[in-house]
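*Asks:* Build me a structure from this.
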Amino acid sequence: MNLSAYKKVVHAADKREVSPDDKPDMSDLAGFCAIAREAADRTLGLRPYDVQLIGTLALLDGHVAEMVTGEGKTLSGAMAAAGYALQGKRVHVISVNDYLAKRDAEWMAPLYEALGVTVGHIDQNTPHEERRSAYACDVLYGSVSEIGFDVLRDRLATGPAQIIVPAPEVALVDEADSVLVDEARVPLVLAGAADPGSTIPELAALVRTLVRGYHYEIDEQGRNAYLTTKGAASVENILGIDLYDENEPGTLIEVNLALHAHALLTRDVDYIVRDGRVQLINPSRGRVALLQRWPDGLQAAVEAKEALDPTEKGEILDQISVQGLIKRYPQVCGMTGTAVAVSEQLGEFYGLKVAVIPPNRPCVRDDFADRIYPTGPDKIAALVEEIQAVHESGRPILIGTLDVAESEHLAHLLQRRKLEPVVLNAKNDAEEASIIARAGERGAITVSTQMAGRGTDIRLGDGVAELGGLYVIGSGRHSSSRLDDQLRGRAGRQGDPGGSVFFVSMEDELLTQFVPDERPPAADPDGLVRHRRGAYLVGHAQRVAEGVNLEIHRNTWRYTRLLEHQRELVMEWRDKVLHGDSASVALSEADPERWAALPESTRDETARQIVLYHLDRCWTEHLAFLTDLREGIHLRALGRMSPLDEFHREAVAEYKQLMAEIERRSLDSFEAPAPELKRPSATWTYMINDNPFGTEWERALKRVTSTSKR
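*Replies:* Numbers count the residues shown, from 1 in each chain. Got it, this is the predicted structure:
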């Protein structure tokens, strides 16, 4: 980069003004990094470390950069986004939530301005026209759900002017492991108003009277509840029906859903009730999963359990997985503090490689061995004692708990000790930034459900470094080692002192669910389990859990990959209809007389609307067919057939008929005197969380196969 170009951009950074001629030459990456560093220093008061520039280069090279907490990923990402924009590529910086998208866009705006790059952001409250303006910027910040919902909303466009999302070019994914792995199993859904389904709220009251061990049982994994013979007889007697009548299968399904909601979903663990609504809790981040819901039947069952008004239902007009959304972009890169742990998945599902960026200063945090106890009460008692002892020194403490209920129970126990903890969980996640920012102050006790994706550094208060820095305590191991590492990483940022330790019980759900048949070693006289087998079982249970989650991800992608491909083909055809004359050509050739009878000024638009309507309608019906097909496909395993192969065979055969059916319906409407093209009166978007217990048929198959092994 020549000296004159350098001076122009530095001058622009001083004046906060820039002209198109001031943009740096992106053929010289070293020169770009020099200018970006100077611009960041002068506009933001942040002078990037060398390792931050290395992170920027890794992103510009299409890698997922692993940068530990506190190393300045936000600035590295902004410089990389600007670098792509200066190459003439439109960039979407995709975040895990609206808060981070808005904060980072506003925070980095002066840097973008100095580099001659426009920036915008969207959230769930952004009006339509403001969204259009934001997408027109060189760099757009938005949550993965909002960008995905806009892609789905464009799917309803009946005219080119209604499209707001431009052609995808570069996706820069913040918290890449959370977005690309944890969220990848959750489809984004566009729904339309339909006739409400039937629910029986009385079943919620009925299942509350059932007794576990007599009326129903729960399997060892805690993923399936089922009626015993006596339980089924009791339900039939109360309802006065035959549950297993082939002509009335709906009642049995609703009873099972009510039983699952009652026995397997726990308030303040799996969900909270706020503002008269059931709100799911994201297990990987410990916060409310905004706009997420379970499949309609299970969602309605939980709402009935909590005596709430049922939320509206509808048919799915379109859906796209997070994985399918990201793969629309020709170029993808990302950044996170824990990428290596999911490098296999990032490579397998996205073709991405991980670049490990060294810290600016060596980490001096003390990570102590797990303290393992035989029972849950033993663990909690020891945890409270530890918190009180450390607090007396003035050292700030951050406690990471596994769910809302545990965070509130622990806070109550601490309050009984005259301590004053600050609680951050799904019930007050709107206050998270201010809570986290104060967690490093002298004497602070902060109890949080999960630290992944919080997006706020914890800076040490005056004199805290001399006390040993922030002390992080985990109240149990998570199902993923990444979540443990993200919690640990809150201490020891930028070479600060700090410490971390996890308190684990042999009765923790991680062990009882994933290594249920293992006998734990005995505790020493002081109550601690010091035998090496205890630590082995904890690590083994976590590895099993990670393996299960990986297989779920793989299985989800095996089934959705074909759907995503079919959707891509249908949307390509839809774009041709929307922007071209393919509808006019098809209908005019099919019925020249009818075509000639139409007013010349309205022919093309009439043809376009007819074909778009039937294309959309047939795609909705195709999605419903695939959903029903997958619900029952697992029974093919009983006939020694591959469920996946059978799914693909039937899905492909059905798709082959789709185009012909669209053409047939379009021609019928075209030839009708007054065709009725009635679209849904209302639409809405949400993310449909997997049924945590599997499909009805998966559960039935597990019961059959487990019985056959006895």
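*Asks:* now the closest residue to Asp270 other than its chain neighbours, which residues is it bridged with?
*Replies:* Of all residues not flanking Asp270 in the chain, Ile281 sits nearest, at 6.2 Å (CB to CB, 6 or more residues apart in numbering). To be clear about C-beta, it is placed using only N, CA and C from the backbone, and glycine gets the same treatment. Counting by DSSP bridges, Ile281 forms beta bridges with Val288.
*Asks:* Give me the pLDDT for Ile281.
*Replies:* If you check Ile281, the pLDDT there is 75.
*Asks:* Surely it and Leu402 touch.
*Replies:* No. Look at Ile281 against Leu402 with CB atoms under 8 Å: they stay out of range, at 10.8 Å.
*Asks:* These two: which has the busier surroundings?
*Replies:* Using other CB atoms under 10 Å as the criterion, Ile281 and Leu402 rank with Ile281 on top: 25 against 22.
*Asks:* Against Val273, how distant is that one?
*Replies:* 11 Å (CB to CB, to the nearest Å).
*Asks:* Which residue is the nearest non-sequential neighbour of the most centrally placed residue in the chain?
*Replies:* Taking CA atoms, centre = their mean, the centroid of the chain lies closest to Glu183, which sits 2.8 Å from it. The shortest distance from Glu183 to any non-neighbouring residue, by CB to CB, 6+ apart, is to Val322 (4.8 Å).
*Asks:* same deal with Glu66?
*Replies:* Ala339 (3.9 Å).
*Asks:* for the record, mean pLDDT for stretch 294-305?
*Replies:* For stretch 294-305, the mean per-residue pLDDT is 80.
*Asks:* next one: stretch 381-396
*Replies:* Stretch 381-396 comes out at a mean pLDDT of 97.
*Asks:* Need the nearest residue in space to Asp50, chain neighbours excluded.
*Replies:* In space, Asp50 is closest to Asn360, 7.7 Å off (CB to CB, 6+ apart).
*Asks:* what does Leu243 give?
*Replies:* Leaving aside its chain neighbours, Leu243 sits nearest to Leu252 (4.8 Å; criterion: CB to CB, 6+ apart).
*Asks:* The one you found reaches Tyr244, doesn't it?
*Replies:* Yes. Taking contacts as CB under 8 Å, Leu252 lies within contact range of Tyr244: 6.6 Å.
*Asks:* Between these two, tell me which one has more neighbours.
*Replies:* With neighbours defined as other CB under 10 Å, Leu252 and Tyr244 compare such that Leu252 has more, 18 against 11.
*Asks:* before we move on, back to that, for the residue nearest to Glu66, give its distance to Phe647.
*Replies:* 32 Å.
*Asks:* Give me the more crowded residue out of these two.
*Replies:* A count of neighbours by other CB under 10 Å puts Ala339 above the other of Ala339 and Phe647, at 26 against 21.
*Asks:* Go ahead and confirm the residue nearest to Glu66 touches Asp174.
*Replies:* No. Ala339 is beyond contact range of Asp174, at 12.0 Å (criterion: CB under 8 Å).
*Asks:* So which residues of the stretch 301-450 of the chain form helices?
*Replies:* Counting by DSSP state H, counting those that start in this stretch, the stretch 301-450 of the chain has helices at residues 322-326, 343-350, 376-391, 404-416, 432-437.
*Asks:* Among these, show me which one is buried the most.
*Replies:* Greatest average neighbour count among the helices of the stretch 301-450 of the chain goes to helix 322-326 (a mean of 23), per mean count of other CB atoms under 10 Å.
*Asks:* For that one, output the C-alpha coordinates as PDB.
*Replies:* The C-alpha trace of helix 322-326 is given here as PDB (Å, rounded to 0.1, in the frame of the first residue of the first chain):
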ATOM      1  CA  VAL A 322     -29.300 -23.100  10.400                       C
ATOM      2  CA  GLN A 323     -27.000 -25.400   8.600                       C
ATOM      3  CA  GLY A 324     -28.900 -24.900   5.300                       C
ATOM      4  CA  LEU A 325     -29.000 -21.100   5.900                       C
ATOM      5  CA  ILE A 326     -25.200 -20.900   6.400                       C
END
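*Asks:* And it, what does it pack against?
*Replies:* helix 144-154, helix 343-350, helix 532-579 (3 or more CB pairs under 8 Å, 6 or more residues apart in numbering; DSSP states H and E).
*Asks:* and for stretch 552-568, what are the contacting residues?
*Replies:* Stretch 552-568 has contacts (CB atoms under 8 Å, 6 or more residues apart in numbering) with 181, 184-185, 187, 318, 320-321, 323-324, 327, 345, 348-349, 619, 622-623, 626, 630, 644, 647-648, 651-652, 655, 690.
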